[in-house]
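1. My questions concern the predicted model and sequence given below.
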Amino acid sequence: MAQDPVESNPRNYRVVFENDRVRVLEYRDSPGTKTTIHRHPDSVMITASAFQRRLTSGEKQRDVELPSGTVQWLPAQEHVGENTGRTDTHVFFVELKEQKPQDP
């Protein structure tokens with residue numbers, strides 16, 4: 001079962017802010033770093049550096065390349081991440097604690 005990234009990958013993730021509605025994580029790594037499997041709730045990702053990564057979820061893999069300053073919505077997910085580029089990765093995740101509203 002996938003864990004909280006702060007617990008499963010404490011060298012890379014740290015909590016920089018938390019209240020009853022959101023938790024903000026900072027993530028850093030260097031080329032070649034590969035995380036263990038972990039889970040994120042619905043989140044907003046803000047890239048503080050450009051990076052290249054490979055995300056693996058089950059049998060599916062996808063390569064991602066994003067510039068610095070990207071802001072992107074991420075639905076809840078479970079994955080392993082690997083820095084496949086030549087630069088360090090620096091990212092912030094604003095994780096939502098509230099459940100997704102139900103459709104009427």
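-> Done, it's in. Numbering: from 1, shown residues only.
2. contacts and neighbour counts: CA atoms only from here.
-> Noted.
3. what's the nearest residue to residue 73 if we skip its chain neighbours?
-> residue 44 (4.6 Å; Cα to Cα, 6 or more residues apart in numbering).
4. what sits against the one you found?
-> Contacts for residue 44 (Cα atoms under 8 Å, 6 or more residues apart in numbering) come out as 71-74, 93-95.
5. any idea which of these is the one closest to residue 12?
-> Closest approach to residue 12 among the contacts of residue 44 (Cα to Cα): residue 93, at 12.5 Å.
6. list the contacts for the closest one?
-> By Cα under 8 Å, 6+ apart, the contact set of residue 93 is 24-27, 43-46.
7. rewinding a little: can you list which of the contacts of residue 44 are found in strands?
-> Those of those mapping onto strands are 71-74, 93-95, per DSSP state E.
8. List only buried entries from the residues you listed.
-> Using 16 or more other Cα atoms under 10 Å as the burial test, these include 93-95 as buried.
9. of those residues, closest to residue 85?
-> Looking across those and measuring by Cα to Cα, the closest to residue 85 is residue 93, at 20.0 Å.
10. From residue 27, how far off is the residue nearest to that closest one when sequence neighbours are not counted?
-> Nearest residue to residue 93, sequence neighbours excluded (Cα to Cα, 6+ apart): residue 45, at 4.6 Å. Distance, residue 45 to residue 27, using Cα to Cα, to the nearest Å: 10 Å.
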